[in-house]
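Visitor: My questions concern the predicted model and sequence given below.
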Amino acid sequence: MAWRTREQVTAVIRQRRRRTDRLAERLMAALSAACVLLVPLIAAALWLRAWPILRTRPLGDLLFSTVWRPQQGAFGFFPFIMGTLWVTAVAMVLAVPPSLLTAIYLAEYAPPRLRAVANPLIDLLAGIPSVVYGVWGVVVVVPLVGQRVGPLLHRWLGVVPLFRQDNPTGYSILAGGIVLAVMVFPIIIAVAQDVIRAVPQGLREASLALGATRWQTVRNVVLRRAWAGVMAAIMLGFSRAFGETMAVLMVVGNIPQVPRSILDAAYPLTALIANNYGEMMSIPLYDAALMGGALILLAIVLVFNVAARAVLVRWVGS
Amino acid sequence: MVPRPRISRRKLEELFFQGLMIISTVGVLGSLLLILGTIVWRGLPALDLAMITQTPKGGYYLGQEGGILNAIVGSLYLALGGTLLSMVASLPIALYLHFYAARSRWAEVVRLALDVLWGIPSIVYGAFGFLLMLWLGMRASLLGGIITLAFLELPIMARGMDEAIAMVPAALKEASYALGATRFETAARIVVRQTAPGLLTAVLLAFGRAIGDAASVLFTAGYTDRLPDSLLSPVASLPLAVFFQLGTPFPKVQERAYASALVLTVIVLVLSVLSRWLSRRLTRHVIR
Amino acid sequence: MTEPLIEIRDLNVWYGTEHALKGITVDIPARQITAVIGPSGCGKTTLLRSLNRLLEETEGTRVTGQVLLDGVNIYDRGVDVTEVRTRVGMLAPKPFPLPMSIYDNVAYGRRIHGLPVLDKGNGRHLDRIVERYLRAAGLWEEVKDRLHSPASGLSTGQQQRLCLARALAVEPEVLLCDEPTSALDPISAQRIEEQLRAIKTETTIVVVTHSLRQAHRLADYLIFLWLGELVEAGPARQVFQNPRDERTRAYLAGDIG
Ligand SMILES: Nc1ncnc2c1ncn2[C@@H]1O[C@H](COP(=O)(O)OP(=O)(O)O)[C@@H](O)[C@H]1O
Ligand SMILES: [Mg+2]
């Protein structure tokens, strides 16, 4: 073999480097494409498995029938869909106002030293596993709702069906909502705070320099500017609450009924799937039904994502 | 008579909302501390050395001898495996978004997909993983759990890395290009080193999510009282250990559920502190 | 010198441990334009922001001494800071239009002070006020057809004049301007200067500027700062033509700074 000249060697190296670069690009592009295809892939997999039940029953029946008797082949998802929506709604109603107020307080009012303590704590708590929240729910929240909050609500607001207590156990939508709310506090607070602090200081000062109070500045200027980001923070919290399984399953009662009151038990979709995976192969169509449940969850997530994006684009656009 | 100070409406409003904010902050921080307090208070009495050094013996679930070492080891294996697998996909995707697809439509599509994936409930990942395994002819196993967790972790990690890499000043990239480095060399040598703390934070965040997730491993990893001896054997996990023990009718076992929850919490908190400490250490090598 | 409106007495400001203003004592005359000059980093902005207590918005600042507005120390405990800022308006170096329409930007100050309640008697009153101050800032003709479109759509020069209108609409006694034209093109800068000259019959104006020519054009009274200290203050003509301090002389000659 002849000695290669310096130029030849550099040329070879350069070629090799360029080839590496191109190879890397292709690999990375393939991974990204796979990632984009993952959502349709999941949907397709669930769809295929749920096909036996989708094929034999009209979609309207599946979504709006309230009868759930797997042994007799009756699969009405309505109670479970309602369970999911109720628990999530109660969680968000309980979580959003205090989270936003806390985020505003920490971003705009709190002395730096409090912030330096509170934020690491909030980060820490964002990482606590949901099953731990569930344990807390069972030990603290359920008895609290069953014995104190429930009767109180029933006594004072019981005329409104929403607050009637016919279920003294405490395993209820309210308990699930409280546990989920506390679980999403850290998420909403952390993101909302980042967004609020990203508002330029000059804008704040422009308002303050006109003699506005701090709250007026927050309400009229800071929040108006940070609105889209705050909505995104709420959405993240919503996603987390909506898809939560364990923490909810442990405290919500798991009775397949269409709830009428926040003190009723409910049976969210996630809990349905988790509770019955063991026997799903032993009853005909049961596995198809449970995969159909997962498909419904996925569909709601997708619809919600698209809707939220559309709304945000419109707001930010104006 | 001293003239009464006139408190204007806007002052009242200010005070009112400040009051609300302080109440909220105290309430939020208080409830979060309450959780920690509850877990420690209920978990500590039942926690002993046997709990974390032994696997369940016969009759463990009736309140007799044993521990949850199977779940601790299982959870660590699952989360570690899932994190490694997810990293292999996340880092290239995050780099791709900034080096090869920067500011393109396609990058936006990938980010959108990651956002959607972020919002997919873990039980849906569990169901998907289960179906995958059915098709592959696998049983519930460590490998099945790892694959499912990798999917679950992917959006968390990739988005975190994406954000970390976005912080790199353009000038640094350009300086590297100006020296004749290819995009891959710039990405792999300069930018990965520069953003190491951010990347690590993303990885540990995803690890924390994985180790605490029960719904996705429910279908795919199974549960067993033995330590896993191969990738294809079923494996226990801490969240499920908590869940199953709490579901038994025996107070003694329920107490062990609290202790297991405490172990899980401690692992996650240690991880979180570790991540802070590591990222501070790594930051020393970062050029600003 | 006319009656002083603002009397600064032994004012010290620290940012953390950095002593940014050192024992400033000076009077600012009413209804004139006072220019604050000096090399960058000498404390001009700090001085200005101490006059409406906006310094408090920066973490870690400490202020000692007095700033008397009409004889009342604005740093006294009982003084309401929003009241101070209502009486002492401000124009920042860069325009920061609020995230709302042009009209709402100008009306903002009056609304937050509850003034539209007074304006209610005549439905059109607020409209007229907005118009008046947009005219005063020399912006009316350019925006009268799009009052309700977002302020962010204006050019930088227009935005700065909008900020001027917004500040004036609160009818402050004092207007603080921190390098108000530094971000603007020459034409827009000239407009702002014209408006400032036009309103000085009613308003006391303090302008920070790094441009000696601008100081020449605008100032009735001059304050020269150097490394956080007051070197010289006096009627502009006198300081320009006959500076007493060697450092002022050197700075005006362009030898330092
Ligand atoms: N936010 C701040 N934190 C710390 N030091 C500051 C801050 N703002 C200004 N300084 C310091 O105070 C001094 C005066 O600054 P400034 O009033 O902005 O000067 P000028 O406006 O004359 O350029 C400078 O030395 C500057 O470094
Ligand atoms: Mg300045």
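Guide: Done, it's in. Ligands and ions are numbered 1, 2, ... in the order given.
Visitor: what does chain A have sitting close to chain C?
Guide: Proximity of chain A to chain C (C-beta under 8 Å from any C-beta of the partner chain) is limited to residues A:112, A:200-213, A:216, A:220-221, A:224-225. Quick note: C-beta positions are derived from backbone N, CA and C, even for glycine.
Visitor: Now with 10 Å, please.
Guide: A:111-112, A:199-214, A:216-217, A:219-227, A:318 (C-beta under 10 Å from any C-beta of the partner chain).
Visitor: In strands, which of those fall?
Guide: Of the residues of chain A next to chain C, none are assigned to strands by DSSP state E.
Visitor: Now list the buried members of these.
Guide: A:199, A:203-214, A:216-217, A:219-223, A:225-226 (16 or more other C-beta atoms under 10 Å in any protein chain shown).
Visitor: In helices only, show me these.
Guide: Cross-referencing those against helices under DSSP state H gives A:Leu203, A:Arg204, A:Glu205, A:Ala206, A:Ser207, A:Leu208, A:Arg214, A:Gln216, A:Thr217, A:Leu223, A:Arg225, A:Ala226.
Visitor: Quick one: residues contacting the first one.
Guide: It stands for A:Leu203. Listed by C-beta atoms under 10 Å, 6 or more residues apart in numbering or on different chains, the contact partners of A:Leu203 are A:Thr217, A:Val221, A:Val222, A:Arg224, A:Arg225, C:Ala92, C:Phe96, C:Pro97, C:Leu98, C:Pro99.
Visitor: can you check the last one too?
Guide: Residues near A:Ala226 by C-beta under 10 Å, 6+ apart: A:103-104, A:107, A:192, A:194-199, A:218, A:232-233, C:99.
Visitor: Hmm, A:Thr102 and A:Arg115 touching each other?
Guide: No - A:Arg115 sits out of contact with A:Thr102 when judged by C-beta atoms under 10 Å, with a separation of 11.3 Å.
Visitor: Could you name every residue contacting both of the two?
Guide: A:Gln193.
Visitor: Show me which of the two is the more surrounded one.
Guide: Per other C-beta atoms under 10 Å in any protein chain shown, whichever of A:Arg115 and A:Thr102 has more neighbours is A:Thr102, with 27 against 16.
Visitor: Quick check: that one touching A:Leu121?
Guide: No - with contact defined as C-beta under 10 Å, A:Thr102 does not reach A:Leu121; the gap is 11.7 Å.
Visitor: shared neighbours of the two, anything?
Guide: By C-beta under 10 Å, 6+ apart, the residues touching both A:Thr102 and A:Leu121 are B:Leu29.
Visitor: For the residue of the stretch 1-150 of chain A found nearest ligand 1, give me its contacts.
Guide: Proximity of the stretch 1-150 of chain A to ligand 1 (C-beta to the nearest ligand atom) peaks at A:Pro112, 13.6 Å away. By C-beta under 10 Å, 6+ apart, the contact list for A:Pro112 reads C:Glu59, C:Gly60.
Visitor: Quick check: the gap between it and C:Arg213.
Guide: Distance of A:Pro112 to C:Arg213, computed by C-beta to C-beta, to the nearest Å: 42 Å.
Visitor: Residue 235: how many residues sit nearby?
Guide: By default, I'm working from chain A. Count around A:Met235 with other C-beta under 10 Å applied: 20.
Visitor: That was the other one, I meant chain C.
Guide: For C:Pro235, using other C-beta under 10 Å, the count is 15.
Visitor: Which of the helices or strands spans residue 249?
Guide: Chain wasn't specified; assuming chain A. helix A:246-251 (DSSP states H and E).
Visitor: that's the wrong chain, I meant chain C
Guide: helix C:246-252.
Visitor: at contact distance from ligand 1, anything in that helix?
Guide: No - figure legend: helix C:246-252 not in contact with ligand 1 (C-beta under 6 Å from any ligand atom); closest approach 12.6 Å.
Visitor: Packing partners of that helix?
Guide: strand C:33-37, helix C:212-218, strand C:221-226, strand C:229-235, helix C:236-241 (3 or more C-beta pairs under 10 Å, 6 or more residues apart in numbering or on different chains; DSSP states H and E).
Visitor: Can you tell me which of the ones you listed is packed in deepest?
Guide: strand C:33-37 (a mean of 26; mean count of other C-beta atoms under 10 Å in any protein chain shown).
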